[in-house]
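>>> Give me a model of this one.
(2 chains)
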Amino acid sequence: MIQRPRGTRDLLPPESRLWQAVEELARTVFASFGADEIRTPAFEPTELFVRSVGETTDIVHKEMYTFEDRKGRSLTLRPEGTAGVARAWIENRLHDRSHPLRLYYIGPMFRYERAQQGRYRQFSQIGLELLGADSPLADAELLLVLHELFTRLGFDDLQVHLNNLGDPEDRPRYQQVVRETLAGRREALCSDCQRRLDENPLRVLDCKVPSCQVIVADVPPVSDVASEASRQHVAAVEAQLERLGVPFVRNRRLVRGLDYYLRTVFEVVSPRLGTNAVLCGGGRYDRLISDLGGPSLPGSGFAIGEDRLVDVLPEPFKERVLGARRLYLVPLGAPAQAEVLALAREWSRAGVTVEVELTGRSLKSALKRADKEGFAAVAILGDDELAGGVVAIRDLVASSQQVMAAAAVPDWWKGRG
RNA sequence: GUGGGCGUAGCUCAGAUUGGUAGAGCAUCGGACUGUGGCUCCGAUGGUCGGGGGUUCAAAUCCCCUCGUCCACCCCA
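I've put the predicted structure just below:
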């Protein structure tokens, strides 16, 4: 049997409805704050990700799906969404548009990793990018939109972690501080941290090995070495959030795995997820567009892991989506079968969710099925009803039954919502 | 990429230690009840025992390889 590739999944009904509902709400909330959708290719020139995400990052270095096309060009399945948006902005001269520009995307990303719960080789991200505004207000708006979406999904237990990564100019100075602080204790660090010390010292900060955390506790947080301008920026973001009542915690150890972030960085974590608890990550990237050869343009954005989000969706939201009422239309006998689709069309046009029984099963087994499948009601159309121009409507919840004109069913249906 | 757990019916699992005709519950379909669900009873359908190879008269069971999945590390969404 041919099986799907490792780390990919088939989204089946009814769970696919949850995905639709999440995406629909995200579109609604984003659009209500002035964002529009952008759709970029699922694969891009490899160079784009090397230059934006960063050569030394794990994503680029060992997690990309890279291949050559028939003309020998190196292409890569996108491992994240921001790079493609930045590329598209430059290539399509969106510079000419009025800014700031709010662009959102929803779609699959690809990373070659060992799959486990909440981590897949193909996963979906819902992202929002805010281009052309360098103010703290822009970062605050992103966090607000995020908070609004999560609140409307019914979450009340998520935590927003926030940190200041400083400006790129601060980075060498900070790396120096890290190296100096840890110079004498290199041997005491785990082997991963010893490697990080050379390649990407920032990442030593969020090592989860307890012995490392003890040692790293002596290292001053990035924000202490950060420029005055970046400190004022992040402080202003925090002040906005406090004013808005958007809860967050300062996490001075928070570091992100993509090189383009600076100043404001944040994560949203769910206590209901295990190891892969990060539901959303984001931050400011004022140098990304210029690093890719475009003009100087500030930007800020986030990406939500849709797979993880759906995994921890609050029960009330799920019930609302999965509990949608449906009417089961059951024809009995050939004359009724001849009429049944026309009737379904009529009801469908009037806003009824109607499912026609097609297999000719007995009324008894149809009712049995209706009960199992959770239909709200069954419309029975037999010879008797046909003769009188009526249908028998059996309400499965109330266990009651009545006969009414076929044309009256949509109103009856609405009245019971 | 590293370490470990687990793959038997659509689902949850027994059967493996000691090789000997593949099982149960649930689900599905049908009947009891000829046009009325949920409960009960009866019956039926359903399996290359993840795949391949080896040992053996005989393998779900023992050995090797492989694929998948889950957990931890790593990483991030």
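>>> Only C-alpha atoms from now on, for both contacts and neighbour counts.
OK.
>>> now the stretch 201-350 of chain A, which segments are flagged as low pLDDT?
Residues of the stretch 201-350 of chain A meeting the criterion pLDDT under 70: A:210.
>>> switch the cut-off to 80
Counting by pLDDT under 80, the stretch 201-350 of chain A contains low-confidence residues at A:201-214, A:216-217, A:274-275.
>>> and it, which residues reach RNA strand B?
Proximity of the stretch 201-350 of chain A to RNA strand B, by CA under 7 Å from any atom of the strand, involves residues A:203, A:207-209, A:256-258, A:267, A:274-282, A:303-305, A:307-308, A:332.
>>> out of those, which are inside helices?
Counting by DSSP state H, the part of those found in helices is A:307-308.
>>> my guess is A:Leu363 contacts A:Leu329, does it?
No. Counting by CA atoms under 8 Å, A:Leu329 is not a contact partner of A:Leu363; they are 10.8 Å apart.
>>> Which one's more surrounded, those two?
A:Leu329 (25 against 14; other CA atoms under 10 Å).
>>> Relative to A:Ser400, how far out is the more buried one?
From A:Leu329 across to A:Ser400, the span is 16 Å (CA to CA, to the nearest Å).
>>> repeat for A:Leu18
31 Å.
>>> Neighbour count: the two, which is higher?
Shown here are A:Leu18 and A:Ser400; by other CA under 10 Å, A:Leu18 has more neighbours (20 against 10).
>>> Work out for me the element that one sits within.
helix A:15-32 (DSSP states H and E).
>>> Show me what that helix is in contact with.
A:36, A:104, A:106, A:126, A:128, A:145, A:148-149, A:153, A:306, A:310, A:318, A:321-322 (CA atoms under 8 Å, 6 or more residues apart in numbering).
>>> Now, the residues of the stretch 201-350 of chain A next to RNA strand B that are in strands?
A:267, A:278-282, A:303-305 (DSSP state E).
>>> possible to save the residues you listed as CSV with neighbour count?
Converted to CSV, those look like this (neighbours: other CA atoms under 10 Å):
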residue, neighbour count
A:Glu267, 24
A:Val278, 21
A:Leu279, 24
A:Cys280, 22
A:Gly281, 20
A:Gly282, 26
A:Ala303, 24
A:Ile304, 21
A:Gly305, 19
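>>> now, which of those sits nearest A:Glu113?
A:Gly305 (15.3 Å; CA to CA).
>>> residues touching the closest one, list them.
A:123-126, A:278-280.
>>> beta partners for A:Gly282?
A:Phe266, A:Phe302 (DSSP bridges).
>>> for it, what are its contacts?
Neighbour list for A:Gly282: A:265-267, A:300-303 [criterion: CA under 8 Å, 6+ apart].
>>> Look at A:Ile380 and give its secondary structure.
Three-state call for A:Ile380 (DSSP: H, G, I helix; E, B strand; the rest coil): strand.
>>> That one and A:Pro410: what is the separation?
Counting by CA to CA, the gap from A:Ile380 to A:Pro410 is 15 Å.
>>> does A:Ile90 sit in a helix, a strand or a coil?
Once three-state DSSP is applied, A:Ile90 turns out helix.
>>> May I ask you to confirm that it is in contact with A:Gly294?
Yes. Using CA under 8 Å, A:Ile90 is in contact with A:Gly294, at 5.7 Å.
>>> quick one: contacts for the residue nearest to A:Leu77 when sequence neighbours are not counted?
Distances taken as CA to CA, 6 or more residues apart in numbering place A:Phe43 nearest to A:Leu77, at 4.2 Å, with adjacent residues excluded. Going by CA under 8 Å, 6+ apart, A:Phe43 touches A:75-78.
>>> can I get those residues in TSV with distance to RNA strand B and secondary structure?
Compiled in TSV, the contacts of A:Phe43 are given as follows (distance: CA to the nearest atom of the strand, whole Å; DSSP: H, G, I helix; E, B strand; the rest coil):
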residue	distance to RNA strand B	secondary structure
A:Leu75	19	strand
A:Thr76	16	strand
A:Leu77	13	strand
A:Arg78	12	coil
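>>> In those residues, find the pair that's most separated.
So, these by CA to CA: farthest apart are A:Leu75 and A:Arg78, at 9.1 Å.
>>> List the contacts of A:Arg272.
So A:Arg272 contacts A:Val312 (CA under 8 Å, 6+ apart).
>>> helix/strand/coil for it?
Strictly by three-state DSSP, A:Arg272 counts as coil.
>>> any idea how far it lies from RNA strand B?
A:Arg272 sits 11 Å away from RNA strand B, going by CA to the nearest atom of the strand, to the nearest Å.
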